[in-house]
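> Coordinates only, no sequence provided:
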């Protein structure tokens with residue numbers, strides 16, 4: 001679905017705030033006062049193991065979520081004409097977290113920021129005692145359980161919707177923290193329509209395809225080669241998952257390339273110096289984005305103001321087979337939590353003795369990857385390497401061609 005969030009919200013939130021320092025304090029106040037907030041980041045417990053909270057205080061780790069929702073950020077159904085343009089079906093309020101990306105902004109300006117994608121179909125332990133399922137179910141499982149509890153307690157519909165949504169977000173955050181070993185400091189969520197509007201606000205995003213694509217499900221219909229996409233076409237580009245050789249992993253790769261193109265566009269086209277475009281960004285953000293309650297946008301904007309297009313690297317958590325058979329969830333993406341945490345630590349601290357290739361399920365040292373869908377199967381690293389070829393890390397310094 002929405003393949004975007006990584007650099008999208010980091011750069012756009014920065015644009016909506018940092019650029020305002022130069023031409024209007026009022027613009028910043030509009031963004032900060034009107035953006036939707038939710039109390040989803042829990043205070044750390046005293047007995048928590050060392051995590052990113054033990055890094056210098058200015059280091060920040062952000063969970064960026066793309067929500068396949070047919071409603072706006074206030075829960076109102078999108079207009080019929082908007083749904084038709086997005087090939088999005090009915091305004092039924094479905095809330096699938098189709099894009100999840102963890103972004104780390106280091107305290108040391110000499111270090112690169114990184115954004116790590118977590119494929120939606122990753123087969124992982126879901127927080128809250130729900131067992132092992134696809135990652136994109138963590139949000140809705142937490143939400144549905146809390147909604148049931150609240151209804152049984154006699155809560156009104158508005159309370160059920162608001163508090164259960166908060167519970168869903170918290171359950172997703174807890175699941176990703178357990179998987180990656182990171183502590184999430186901030187949360188940002190965007191919906192379908194918002195993504196479409198954000199890309200239009202920056203004047204389009206340059207992308208490149210290795211081959212032409214024609215997909216009736218997402219509406220993607222693009223030639224091979226370089227092109228500039230915005231609005232509904234941009235959304236179709238990042239939502240396509242049918243007809244891609246490596247399924248969800250190819251879509252994640254395309255999403256990362258799109259974000260690299262977006263960052264390139266922002267830093268090279270004068271967007272951050274244009275009051276008109278900044279105003280459009282602020283307007284789109286306040287109608288489509290949800291942030292955690294304690295995120296100080298001005299402080300964050302000050303920290304990231306010096307970032308350039310090549311200061312952030314995009315990658316994907318290590319994975320095994322993309323066709324893992326599961327008892328209840330159909331075909332999923334194989335994930336080994338230990339490999340994920342090792343890879344994330346290598347990004348934070350430098351390569352470990354046995355490093356992991358992002359998105360490939362390979363390691364440089366010996367070892368095996370256990371199949372979480374079975375109790376007696378051990379898949380060798382060499383086999384996983386054959387199934388998932390190594391890919392180069394994407395940065396925003398250039399526009400890579402993708403499938």
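Here it is on my side, so go on. This structure is a prediction, so every number in the text was calculated from the model and none was measured. Residues are numbered from 1 along each chain as shown.
> what's the spacing between residue 217 and residue 246?
17 Å (Cβ to Cβ, to the nearest Å). C-betas here are computed from N, CA, C, even on glycine.
> between those two, which one's more packed in?
Using other Cβ atoms under 10 Å as the criterion, residue 217 and residue 246 rank with residue 246 on top: 18 against 12.
> Now that one: closest residue in space, sequence neighbours ignored.
residue 322 (6.1 Å; Cβ to Cβ, 6 or more residues apart in numbering).
> how about the helices of the chain, start to end?
In the chain, the segments counted as helices under DSSP state H are 5-23, 25-34, 80-85, 138-152, 157-180, 192-201, 231-239, 247-268, 275-288, 297-304, 337-349, 381-387.
> Quick check: which of these is nearest to residue 330?
Ranking the helices of the chain by proximity to residue 330 (Cβ to Cβ) places helix 247-268 first, at 12.2 Å.
> Now do that closest one, average pLDDT.
For helix 247-268, mean pLDDT rounds to 79.
> how many neighbours does the residue nearest to residue 246 have?
Residue 322 is flanked by 20 other residues according to other Cβ under 10 Å.
> for residue 207, same thing?
The burial count for residue 207: 25, using other Cβ under 10 Å.
> That one pairs with what?
Under the criterion DSSP bridges, residue 207 forms beta bridges with residue 227.
> circling back to that earlier point, please identify which of the helices of the chain is closest to residue 104.
Across the helices of the chain, closest to residue 104 is helix 337-349 (Cβ to Cβ), at 7.0 Å.
> That closest one to helix 157-180, inter-axis angle?
80 degrees (axes from the mean of the first three to the mean of the last three Cα atoms, to 10 degrees).
> So which bits of helix 337-349 are buried?
337, 339-348 (16 or more other Cβ atoms under 10 Å).
> Which single one of these is nearest to residue 199?
residue 347 (27.4 Å).
> where does the closest one land on pLDDT?
For residue 347, the predicted pLDDT is 92.
> How about it: what's its closest non-neighbour residue?
That would be residue 114: by Cβ to Cβ, 6+ apart, it lies 5.0 Å from residue 347.
> what sits against that neighbour?
103-104, 312-315, 347 (Cβ atoms under 8 Å, 6 or more residues apart in numbering).
> what pairs with it across the strands?
Residues in beta-bridge contact with residue 114 (DSSP bridges): residue 104, residue 313.
> picking that back up, nearest to residue 64, of the helices of the chain?
Using Cβ to Cβ, the nearest of the helices of the chain to residue 64 is helix 5-23, at 3.6 Å.
> Thank you kindly, that will do.
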